[in-house]
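Undergrad: Here is my input; please provide its structure:
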Amino acid sequence: MKHLFCALILLVSSTVFAQNNTDSTHSFKVKFTEEEGKLVLSIENPTAKKLNIWVRQHNGTILSENAVNDVQYRCRYTFDNAADGEYTFVVQCGKEKVIRAFAIETKQVETRTIWRLFN
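TA: Numbering: from 1, shown residues only. I've put the predicted structure just below:
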């Protein structure tokens, strides 16, 4: 038997990829989408102010940290080697902050293969 392991990104907060995946209540606009199993962060920052971006584990460990001041910013995040657990995206500009939580869970799928035919 062959085991196939799939890492699935599950939502802790339904606002990440569901109906409300865009936050435009701040001076910058943040949108989260999924493309080919990767999380995509898109930001419109019309004032070109400095934005800080973090990806954190539930225990507070920072996995990624970035500062940008682009008018438009887009980045794809790959979590292929990330451990199962809860994570958080944080995008901050001064006192304005957008936080989105998500989880990664590995599911084991068992497949059967016929590998030898007898005549």
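
Undergrad: Name all residues that make contact with R116.
TA: By Cβ atoms under 8 Å, 6 or more residues apart in numbering, no residues touch R116. Bear in mind the C-beta positions are built from the backbone N, C-alpha and C, glycine included.

Undergrad: does it sit in a helix, a strand or a coil?
TA: coil (DSSP: H, G, I helix; E, B strand; the rest coil).

Undergrad: and it, what pLDDT?
TA: Reading off the confidence values, R116 has pLDDT 70.

Undergrad: Could you do F5 as well?
TA: So, for F5, pLDDT stands at 36.

Undergrad: Same question for T33.
TA: At T33, the model reports a pLDDT of 90.

Undergrad: and the gap between K97 and K38?
TA: 24 Å (Cβ to Cβ, to the nearest Å).

Undergrad: So in the chain, which strand runs the longest?
TA: strand 96-111 (DSSP state E).

Undergrad: what sits against the nearest residue to E96 once chain neighbours are set aside?
TA: Using Cβ to Cβ, 6 or more residues apart in numbering and skipping residues adjacent in sequence, the residue nearest E96 is H26, 4.4 Å away. H26 is in contact with C93, E96, V98, counting by Cβ under 8 Å, 6+ apart.

Undergrad: Which of these sits closest to T111?
TA: V98 (39.6 Å; Cβ to Cβ).

Undergrad: what's the burial count for the closest one?
TA: 21 (other Cβ atoms under 10 Å).

Undergrad: So what sits opposite it in the bridge?
TA: V91 (DSSP bridges).

Undergrad: and it, how far is that from F89?
TA: In terms of Cβ to Cβ, V98 sits 8 Å off from F89.

Undergrad: Likewise for T47?
TA: Counting by Cβ to Cβ - T47 and F89 are separated by 21 Å.

Undergrad: how far away is the residue nearest to E96 from G60?
TA: 23 Å.

Undergrad: Tell me the spacing between the residue nearest to E96 and E105.
TA: Applying Cβ to Cβ to H26 and E105 gives a distance of 30 Å.
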